[in-house]
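Q: Give me a 3D structure for the following:
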Amino acid sequence: MTTAPSPASVRLGTWTADTDRSTAAFTVTNLGFIKVDGSVPIEAATLRVAESGEQVEVHARMRASGFSTGSERRDAHLREPRFLDTEQYPDITFTSTTLVPAGDGWRVDGTLTLKGRSTPITLRTVSVEFDDSSARVRAVGQVDRHQVGLTYGPNFAIGRIATVRLDVQLTHGAE
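A: Residues are numbered from 1 along each chain as shown. The predicted structure follows:
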């Protein structure tokens, strides 16, 4: 496998996430020092490399009702209307706007939509490994929960900034 290829050197076509081997995780610091880790299931994700090799698109859909922190009580609270409102907003989505080489990896700018509200987010790859038919991409970013409508609770009690960590396994398939 090669590490940190330029977008133009990645095999053209569609790369699809293996959702059983991919994770979307987050960390929020509550009360200024308690870290709460969690995850949300990736339902579908694709990376499309256009014929020119220059245009790359990333799309992902996650299941909001699968939001998990390991505490059933907290998770039930997070699914309620004052937080994620998973009955009305079952999906969390990400759509890239640009993907460019940056340092040893890529910078992926895009839009995160949660609870019917969208906000820009920048993901930076931590590691990128591609061969001709499989790939593994790890990326991190941060999101302000208020910008996506998660305003319940005081900021000193519930951290406002969430760190997002992705570990996505992809396979190449013909379009």
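Q: Okay, now the unreliable bits of this structure?
A: For the chain, the stretches with pLDDT under 70 are 1-9, 32, 52-54, 153-156, 174-175.
Q: What ranges does it have for its helices?
A: 72-79 (DSSP state H).
Q: now the strands for it?
A: Taking DSSP state E as the test, the strands found in the chain are 2-3, 13-17, 23-30, 34-40, 42-49, 56-63, 91-102, 105-114, 117-130, 134-144, 161-173.
Q: Next, format those as CSV and append distance to Glu80 and mean neighbour count.
A: In short, each C-beta sits where N, CA and C put it, glycine included. Shown next, in CSV, are these (distance: least, Cβ to Cβ, whole Å; neighbours: other Cβ atoms under 10 Å):
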stretch, distance to Glu80, mean neighbour count
strand 2-3, 42, 10
strand 13-17, 29, 18
strand 23-30, 17, 17
strand 34-40, 15, 15
strand 42-49, 21, 20
strand 56-63, 16, 19
strand 91-102, 16, 16
strand 105-114, 15, 19
strand 117-130, 17, 17
strand 134-144, 20, 18
strand 161-173, 18, 17
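Q: Make CSV from those and add distance to Glu72 to it.
A: Converted to CSV, those look like this (distance: least, Cβ to Cβ, whole Å):
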stretch, distance to Glu72
strand 2-3, 40
strand 13-17, 27
strand 23-30, 17
strand 34-40, 12
strand 42-49, 22
strand 56-63, 17
strand 91-102, 20
strand 105-114, 22
strand 117-130, 27
strand 134-144, 24
strand 161-173, 20
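Q: Ok, which of those strands comes nearest Gly70?
A: For Gly70, the closest of the strands of the chain is strand 34-40, at 7.3 Å, according to Cβ to Cβ.
Q: can you state the direction angle for the closest one and strand 161-173?
A: 30 degrees (axes from the mean of the first three to the mean of the last three Cα atoms, to 10 degrees).
Q: please renumber so the chain begins at 41
A: Renumbered: residue one is now 41, and that last one reads strand 74-80.
Q: which helices and strands does strand 74-80 pack with?
A: With contacts taken as 3 or more Cβ pairs under 8 Å, 6 or more residues apart in numbering; DSSP states H and E, strand 74-80 sits against strand 63-70.
Q: neighbouring strands for the strand it packs on, and are they parallel or not?
A: Sheet pairing of strand 63-70 (DSSP bridges) gives strand 74-80 (antiparallel), strand 201-213 (antiparallel).
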